[in-house]
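S.K.: Okay, sequence plus prediction incoming.
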Amino acid sequence: MTVRTAAPSRSQPASRAARISPKEVTTMIKKIQELLFSGRKSIREDPRDFNGELLDQHREYVFILMHQQMRGMS
């Protein structure tokens with residue numbers, strides 16, 4: 001003997017989560033972002049100047065180290 005139970009109807013959501021609209025989700029995400037990021041301030045008020053000389057120096061260091069490692073592999 002088989003007992004059949006009534007399946008929940010699709011017209012009535014099973015939980016509150018199923019009834020939340022995408023607009024409500026977007027609003028809640030924005031509220032959370034405002035709370036998390038409202039206290040963040042820029043550490044520097046003035047922008048840094050680009051230091052091309054320092055970049056070239058680091059590039060040379062990397063080039064030398066790379067070739068030293070390649071020599072050690074052979």
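M.R.: On my side now, so go ahead.
S.K.: Which residues does stretch 21-31 contact?
M.R.: Outside stretch 21-31, not one residue touches it by CB atoms under 8 Å, 6 or more residues apart in numbering. Bear in mind the C-beta positions are built from the backbone N, C-alpha and C, glycine included.
S.K.: Neighbours of residue 69, how many?
M.R.: 9 (other CB atoms under 10 Å).
S.K.: let me redo that: residue 28
M.R.: By the criterion of other CB under 10 Å, residue 28 has 11 neighbours.
S.K.: How many neighbouring residues does residue 30 have?
M.R.: Number of residues near residue 30 (other CB under 10 Å) recorded here: 10.
S.K.: I'd like the average pLDDT over the host helix or strand of it.
M.R.: Following DSSP states H and E, one finds residue 30 within helix 22-37. Here helix 22-37 scores 87 as its mean pLDDT.
S.K.: right, and the helix or strand after it?
M.R.: Immediately after helix 22-37, counting by DSSP H and E, sits helix 52-73.
S.K.: and the gap between residue 48 and residue 54?
M.R.: 11 Å (CB to CB, to the nearest Å).
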